[in-house]
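S.K.: Just the structure for this:
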Amino acid sequence: MRVRSAGDTTSAEEMSSFSEFLLQVGEGRHDVNPALGQDFMKIPKDMLIDNPPAEDTYDEEIAPGMIPKDMERVIDHMYADVNKPEIATDEYFANRTILTTTKAIVHRINEAVAARLPDTTHEYLSSDSVEDDIDGSLFEQEVLHSVNINGIPPHSRRGCR
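M.R.: Now for the predicted structure:
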């Protein structure tokens with residue numbers, strides 16, 4: 001996370017409140033949901049996105065490369081103005097963050113947001129080559145391209161020019 005200074009007192013209060021919330025979560029001092037038990041925390045209402053009661057997303061089958069409806073709803077909420085170039089500036093993206101548990105989810109979210117950008121997206125691939133044919137046959141390229149290790153970018157990235 002980056003440290004930012006607030007431009008006005010309202011922003012400073014919001015940032016202070018959010019910082020305190022993160023500290024409470026990290027230290028285990030957060031409010032719990034008594035209906036669900038000690039392992040489930042209460043999330044403040046202003047951090048929640050409405051979930052339409054008519055939709056039943058449990059047991060939803062998700063095809064590879066597709067985004068679950070719940071995640072789609074989060075992306076719709078967080079990046080609602082992504083198609084408006086006058087609003088979707090660098091600062092627009094810098095002020096929006098979706099925290100996830102794995103890099104695979106981050107990659108899926110990035111793909112979904114990139115697909116919504118008004119410019120045509122391009123796929124950028126890493127460069128790979130085999131120095132020695134004997135060692136090169138140990139792992140298929142498809143396997144190596146699917147590896148997702150911290151600190152190493154994925155083989156394929158989508159983005160705009």
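
S.K.: what's downstream of the worst-scoring helix or strand of the chain on mean pLDDT, the next helix or strand?
M.R.: For the chain, using mean pLDDT, DSSP states H and E, the weakest element among its helices and strands is helix 133-136, scoring a mean of 62. Next helix or strand after helix 133-136 toward the C-terminus (DSSP states H and E): helix 141-146.

S.K.: Give me the distance between that following helix and the centre of its chain.
M.R.: Put simply, helix 141-146 sits 23 Å off its chain's centre (CA atoms, centre = their mean, to the nearest Å).

S.K.: Now do it: everything it contacts.
M.R.: 126, 128, 155-156 (CB atoms under 8 Å, 6 or more residues apart in numbering). (C-beta placed from N, C-alpha, C; glycine too.)

S.K.: make it 7 Å
M.R.: Under the criterion CB atoms under 7 Å, 6 or more residues apart in numbering, residues 128, 155 lie in contact with helix 141-146.

S.K.: and it, what's its mean pLDDT?
M.R.: The average pLDDT within helix 141-146 is 80.

S.K.: Quick check: next helix or strand after that helix?
M.R.: Following helix 141-146 toward the C-terminus (DSSP H and E): strand 156-159.
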